[in-house]
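Undergrad: just to be clear, the model below is a prediction. Sequence and coordinates:
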Amino acid sequence: MSCNFYTTVSKIGVSQTYIRKTVDTTLNMIDHVSREVSVHCVGEQRMRTLNREFRDIDRPTDVLSFPTEDTFSGETQTDSGDIFLCPKYIAKQAKRFGTTYKEECTRMLIHGVLHLHGYDHVKKKDAEDMFRVQEKILDIILS
């Protein structure tokens, strides 16, 4: 498994190594196929722009996922897609929820990877499934 990392912000709050470990652990727990994920850490303005352009919501958010389903020569591309994290927003959210930044950032990374692999939380049953898997993986990573 591979995790590419990109940042346009100076403070991420966790190491690139930790981000890669979190992505790899999540992929191992949900998908036995080798996958590549790109993680982008961006500021609130960039996240707001992405959220507005792709979700019609004109405010920043914690995480956005953009899955890739390209095919080459009849084989599925190993690139799962891109995850955009907003560390500043996640820090505010952690404070609001009474958790640590590391825990909330880990949760958002897991959440993003799950979205790349077909999990969603629009319907109640799907949300229950997604959040159960998310919190199980979170417990394993943080233990």
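TA: Arrived safely. Numbering: from 1, shown residues only.

Undergrad: what bridges to the nearest residue to Arg20 once chain neighbours are set aside?
TA: Among residues not flanking Arg20 along the chain, Cys3 sits closest, at 4.2 Å (Cβ to Cβ, 6 or more residues apart in numbering). From N, CA and C alone the C-beta is placed, and that goes for glycine too. Counting by DSSP bridges, Cys3 forms beta bridges with Val37.

Undergrad: surely Cys3 is in contact with Thr25?
TA: No: judged on Cβ atoms under 8 Å, Cys3 makes no contact with Thr25 at a distance of 10.7 Å.

Undergrad: pick out whichever of the two has more residues nearby.
TA: A side-by-side neighbour count of Cys3 and Thr25, using other Cβ atoms under 10 Å, places Cys3 first with 22 against 18.

Undergrad: got the contact list for Pro60?
TA: Residues near Pro60 by Cβ atoms under 8 Å, 6 or more residues apart in numbering: 44-45, 47-48, 51, 86, 89.

Undergrad: just the buried members of those residues?
TA: The neighbour count (16 or more other Cβ atoms under 10 Å) marks 44, 47-48, 51, 86, 89 as buried among these.

Undergrad: so where is this structure shaky, pLDDT-wise?
TA: Applying pLDDT under 70 to the chain picks out residues 1, 32-34, 69-77.

Undergrad: now do the strands in it.
TA: Secondary structure of the chain by DSSP state E: the strands cover 2-7, 36-41, 63-67, 71-72, 75-76, 79-85.

Undergrad: turn these into TSV, columns for distance to Phe131.
TA: Converted to TSV, those look like this (distance: least, Cβ to Cβ, whole Å):
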stretch	distance to Phe131
strand 2-7	23
strand 36-41	20
strand 63-67	14
strand 71-72	31
strand 75-76	27
strand 79-85	17
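
Undergrad: how about the residue positioned nearest the centre of the chain, nearest residue that isn't a chain neighbour?
TA: Central residue check for the chain by Cα atoms, centre = their mean: the C-alpha nearest the mean position is that of Gly112, 2.5 Å away. Take Gly112 and drop its neighbours on the chain: the residue closest to it by Cβ to Cβ, 6+ apart is Ile83, 3.6 Å away.
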